[in-house]
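Asker: missing the sequence, but the structure's below:
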């Protein structure tokens, strides 16, 4: 059973869906929603239309601590990224301060130009930065090699490269206190029937990379994929199975 509650914030109507799992889904408009995970941590879900692919959604995250907000991956364009940022600042009363980029595709950094225009720091793996430089994309302001761990107003954030998969540069973001792992497009949702876009994939390494995640995060409770519904460690096992199918095992 789903109950819908309408809340009015100046200039905005929010529809919050409460499911049997007490999930709260904030509908900002037809293209943008926030899913509340716990405390002040949300998945931002944005819908896009691409020729040949139809309408599809992409996931990122918003982490709020001490009145500051951290975005993990942007929507695919500057305009939706601005709408998400304005909602966070105007309605959730948090100032956006930093972006973490999962890999070089548009569903991770399509809104980087807007965030740079308002002075937001952007963090990425050095391989992502090099790819941006090669292809003429906006350049992230801070790069790291294997990992970058920092204290975000009392909340530890662990950005880490475990190996290639969806792309050669894809990273994960781990919030140890909350046992939340953002895997982005490296991880497939349980409803995924294949690996999706393989144009930049390293299929040969993908399952080994996911196995490293299982070994490195044995106590993970919430796994957020780049597209589709979040889940638990079963998403990691499902991704390995899809890779093996692709390899013909």
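Answerer: That came through, no problem. Given the structure is predicted, the values throughout are model-derived calculations rather than measurements.
Asker: Apart from its neighbours in sequence, what residue is nearest the most centrally placed residue in the chain?
Answerer: Central residue of the chain (Cα atoms, centre = their mean): residue 60, 2.7 Å from the mean position. Nearest residue to residue 60, sequence neighbours excluded (Cβ to Cβ, 6 or more residues apart in numbering): residue 73, at 3.6 Å. Glycine gets a C-beta too; all of them are placed from N, C-alpha and C.
Asker: how close does the one you found sit to residue 46?
Answerer: 10 Å (Cβ to Cβ, to the nearest Å).
Asker: So if I had to pick from these two, which one is more boxed in?
Answerer: Higher neighbour count among residue 73 and residue 46: residue 73, with 29 against 26, using other Cβ atoms under 10 Å.
Asker: in terms of contact, does the more buried one touch residue 59 like I think?
Answerer: Yes: counting by Cβ atoms under 8 Å, residue 73 does reach residue 59; the two are 7.4 Å apart.
Asker: Quick check: neighbours shared by those two?
Answerer: 184, 226 (Cβ atoms under 8 Å, 6 or more residues apart in numbering).
Asker: List the residues that contact residue 190.
Answerer: 228-229, 231, 234-235, 238.
Asker: Doesn't it belong to a strand?
Answerer: No: counting by DSSP: H, G, I helix; E, B strand; the rest coil, residue 190 is not found in a strand; it is coil.
Asker: Could I get the pLDDT score of it?
Answerer: According to the prediction, residue 190 has pLDDT 97.
Asker: Residue 225 versus that one, what's the distance?
Answerer: Residue 190 is 9 Å from residue 225, by Cβ to Cβ.
Asker: shared neighbours of the two, anything?
Answerer: 231, 235.
Asker: So which bits of stretch 136-154 are buried?
Answerer: Neighbour-count burial for stretch 136-154, counted by 16 or more other Cβ atoms under 10 Å, picks out 137-138, 140-141, 143-144, 148, 152.
Asker: Could you tell me how far it lies from the centre of the chain?
Answerer: Mean-position distance between stretch 136-154 and its chain equals 15 Å (Cα atoms, centre = their mean, to the nearest Å).
Asker: Would you agree residue 63 is in contact with residue 156?
Answerer: No: using Cβ under 8 Å as the test, residue 63 is too far from residue 156 to be in contact (10.9 Å).
Asker: how about residue 88, secondary structure?
Answerer: helix.
Asker: Quick one: list the elements packing against the longest strand along the chain.
Answerer: As assigned by DSSP state E, the longest strand anywhere in the chain is strand 54-65. Here strand 54-65 touches strand 41-50, strand 68-72, helix 78-90, strand 155-160, strand 222-225, going by 3 or more Cβ pairs under 8 Å, 6 or more residues apart in numbering; DSSP states H and E.
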